[in-house]
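Participant: Sequence first, then the predicted structure:
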Amino acid sequence: MLEKIGDEVLYYLEQAGRMGIFLFTCLLNAVRPPYKISPIVRQIHFIGHRSVFVILFTGTFTGMVLALQGYYTLRRFGSEALLGSAVALALLRELGPVISALMVVGRAGSAICAEIGIMRNSEQIDALECMAIDPYKYLMVPKFIAAIVAMPLLTSIFDVAGIVGGYLVGVSMLGVPAGSYFQEMYRSVVWADVEMGLVKSLVFGLLIIWIATAKGFFLHLERSGGFGAEGVSRTTTSAVVLSSVAILVSDYLISAILL
Amino acid sequence: MKETNNIAIELIDVERSFGTQQVLRKVNLVVEEGTTTVIVGPSGQGKSVMLKHMLGLLRPDRGQVLVYGQDLARLGKSQLNEVRKDYGVLFQNAALFDSMNIFDNVALPLRERTEFGEDEIRDCVEEKLALMDLDGVNEKYPAQLSGGMKKRVGLARALVMNPRIVFFDEPTTGLDVSRSNEIYRLFYQTQARLKYTAVIVSHDVPKIFKLADRVALIANGVVEGSMTPEEFQLSEDPNIRSFVRETMGPLYCSKEEETCGL
Ligand SMILES: Nc1ncnc2c1ncn2[C@@H]1O[C@H](COP(=O)(O)OP(=O)(O)OP(=O)(O)O)[C@@H](O)[C@H]1O
Ligand SMILES: [Mg+2]
């Protein structure tokens, strides 16, 4: 029994150590020359551009529901005029970064994990190494940089879409005066709120890409067996779950630290 | 010629197990520079595993793998990279990059490791693809090729950097007879020209012997002899004898075979 627990602990320690070294190697390679732009652009296209539609859509609806719920809550206290500021603060500080990160996990994180996992499985990563092409530099670095660049941008798009969505419901449907919607927003939002959203989105972007690439890269070392199509699908699923949990936990931690 | 050669690769008492299965028991092998060593043996005996040790993809449990005198297990990542710059590798499953088209597959080492412009790269790649008799497949993806074509793309990719040491895992498996003869002829010519060291795993016995300077048999986790093809065929070693008899028939005569074929 004790031995089993020991094994378990060792396994997780080993995995954590591996992931840590992986992250360190990726970041080190990212700052070391040579720098190549075009693979980064391609990855930004994949992670960012192709997620824009989903982000716009979910952002709008998040803003709409925030306005709806916020309106009925605020009305009890007779302060519907504060709707704009309530929507904006919730989006900027919490929902924008978190929901767009969860969307990117589903859209890009899973795809990247599967892509790298399949490359590992079919010896393509071995082939890269044997050609003296460093898989960290060649495969990982463009994805890391792309995620760190794309995530804050997507989050901003989400925020703007949400504020517009909130306007549609709050002003057009529920009759909050347009002037107070924006004026309250303008009055209550300070730089610290924007900064918090920015920090969160950067951290989430890093977490997403780290977990997705590392899980795929170490597919062959998975204890449950990273074999074949099933191995890839299982590992991808676990990467998505782990990323989502990591996002929510780190969301709390960052909020606690920055508040 | 044999005495003056340097040693390119040396395996010393290499042991390797997967779980409880011991695949390599005590493998010793010397590959001299500029020669072609052919590794033969029944399926599942550890030929590919041995090759992966020479590539530095697998580490031995015990023993050493020396490449130009350097122990691969002791090299750091960048030093290992330096060693691998001399390598050209064909994997048994070809291991092409399946989301890149054929042209990009072959061009990748040039793009990542040289300063060549697109024109030069195009010339190099086209030349190697033409050599492998692959015309008009530039835009296709690996999944759209036949098994033998993938092998040939893999060969083109392995040779595109003009390596000093090549490792071919079953280069002609899945090719028809005339194609494989063609590939052998090509190996012969390029080796004469580039003087690379070659390690070839093959089931194509006895034909592959014509290329070989040395033949080694792996059976039960041990490498039996590394000798010239003639010595190999006449060897008294019981393992080699039974292998030779099984693959070539009891009355195989090398002289007779030499006059036809290549
Ligand atoms: N990654 C691995 N994990 C566990 N066992 C392995 C692994 N790789 C190879 N083996 C085992 O090692 C043995 C030798 O495999 P290897 O691929 O070297 O055979 P081979 O001689 O190349 O055969 P073939 O001629 O069919 O290609 C096999 O029994 C195989 O099951
Ligand atoms: Mg094999």
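Facilitator: Received it, and whenever you're ready, just let me know what you need. Ligands and ions are numbered 1, 2, ... in the order given.

Participant: What's the nearest residue in chain A when you look at ligand 2?
Facilitator: With Cβ to the ion, the shortest gap between chain A and ligand 2 falls at residue A:123, namely 11.7 Å. In this view, the C-beta of every residue, glycine as well, is placed from N, C-alpha and C.

Participant: Repeat that for chain B.
Facilitator: Among all residues of chain B, residue B:48 sits closest to ligand 2, at 3.2 Å; criterion: Cβ to the ion.

Participant: residues making contact with the helix or strand of chain A with the lowest mean pLDDT?
Facilitator: Lowest by mean pLDDT, DSSP states H and E among the helices and strands of chain A is helix A:178-188, with a mean of 88. Outside helix A:178-188, the residues that touch it by Cβ atoms under 8 Å, 6 or more residues apart in numbering or on different chains are A:81-85, A:87-89, A:163, A:166-167, A:170-171.

Participant: Next, the contact list for residue A:227, please.
Facilitator: Remark: with contacts taken as Cβ under 8 Å, 6+ apart, residue A:227 is in contact with residue A:121.

Participant: tell me the pLDDT at the residue sitting nearest the centre point of chain B?
Facilitator: For chain B, residue B:168 is the residue whose C-alpha lies nearest the centre (Cα atoms, centre = their mean; 2.2 Å). Here the pLDDT value assigned to residue B:168 is 94.

Participant: Specify the beta-bridge partners of it.
Facilitator: Listed by DSSP bridges, the beta-bridge partners for residue B:168 are residue B:90, residue B:200.

Participant: Quickly note the distance from it to residue B:224.
Facilitator: Relative to residue B:224, residue B:168 is positioned 21 Å away (Cβ to Cβ, to the nearest Å).

Participant: Not counting residues beside it along the chain, what's closest to residue B:206?
Facilitator: The shortest distance from residue B:206 to any non-neighbouring residue, by Cβ to Cβ, 6 or more residues apart in numbering or on different chains, is to residue B:248 (5.1 Å).

Participant: Am I right that the one you found is in contact with residue B:205?
Facilitator: Yes. Assessed by Cβ atoms under 8 Å, residue B:248 is found in contact with residue B:205 at 6.4 Å.

Participant: Show me where the stretch 51-200 of chain B has its helices.
Facilitator: Assignment of helices within the stretch 51-200 of chain B using DSSP state H, counting those that start in this stretch yields the ranges B:77-84, B:102-113, B:118-131, B:147-159, B:177-194.

Participant: Of all those helices, which one comes closest to residue A:34?
Facilitator: helix B:102-113 (9.8 Å; Cβ to Cβ).

Participant: Could you check how far that closest one is from the centre of its chain?
Facilitator: 20 Å (Cα atoms, centre = their mean, to the nearest Å).

Participant: ditto for stretch B:69-76
Facilitator: On Cα atoms, centre = their mean, the centre of stretch B:69-76 falls 21 Å from that of its chain.

Participant: does any part of it sit near chain A?
Facilitator: No. On the criterion Cβ under 8 Å from any Cβ of the partner chain, stretch B:69-76 is out of touch with chain A, staying 12.2 Å away.

Participant: okay, that stretch in CSV with CA atoms only?
Facilitator: Provided in CSV are the C-alpha atoms of stretch B:69-76 (Å, rounded to 0.1, in the frame of the first residue of the first chain):
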residue,chain,number,x,y,z
GLY,B,69,35.3,7.8,-30.8
GLN,B,70,32.7,9.8,-28.9
ASP,B,71,30.4,8.0,-26.5
LEU,B,72,26.9,9.0,-27.5
ALA,B,73,25.5,8.5,-24.0
ARG,B,74,27.9,11.1,-22.7
LEU,B,75,27.2,13.8,-25.2
GLY,B,76,25.0,16.8,-24.4
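
Participant: quick one: average pLDDT of it?
Facilitator: Here the average pLDDT along stretch B:69-76 is 91.

Participant: which residues are contacting it?
Facilitator: Residues outside stretch B:69-76 that contact it (Cβ under 8 Å, 6+ apart): B:7, B:53, B:56, B:59-60, B:64-66, B:79-80, B:83.

Participant: Buried subset of those, written for PyMOL?
Facilitator: Applied in PyMOL, the following selects the buried portion of those according to 16 or more other Cβ atoms under 10 Å in any protein chain shown:
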select buried, chain B and resi 53+56+60+64+65+66+80+83
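
Participant: show me what contacts residue B:231?
Facilitator: Going by Cβ under 8 Å, 6+ apart, residue B:231 touches residue B:225.

Participant: wait, I meant residue A:59
Facilitator: By Cβ under 8 Å, 6+ apart, the contact list for residue A:59 reads A:96, A:99-100, A:157-162, A:165.

Participant: Nearest to residue A:143 among the residues you listed?
Facilitator: The nearest member of these to residue A:143, counting by Cβ to Cβ, is residue A:100 at 17.6 Å.

Participant: starting at the chain centroid, how far to the helix or strand the closest one falls within?
Facilitator: Taking DSSP states H and E as the definition, one finds residue A:100 inside helix A:96-104. Chain-centre distance of helix A:96-104: 5 Å, with Cα atoms, centre = their mean.

Participant: For it, name the packing helices and strands.
Facilitator: Packed against helix A:96-104 by the contact rule (3 or more Cβ pairs under 8 Å, 6 or more residues apart in numbering or on different chains; DSSP states H and E) you find helix A:52-76, helix A:141-167, helix A:191-217, helix A:228-258.
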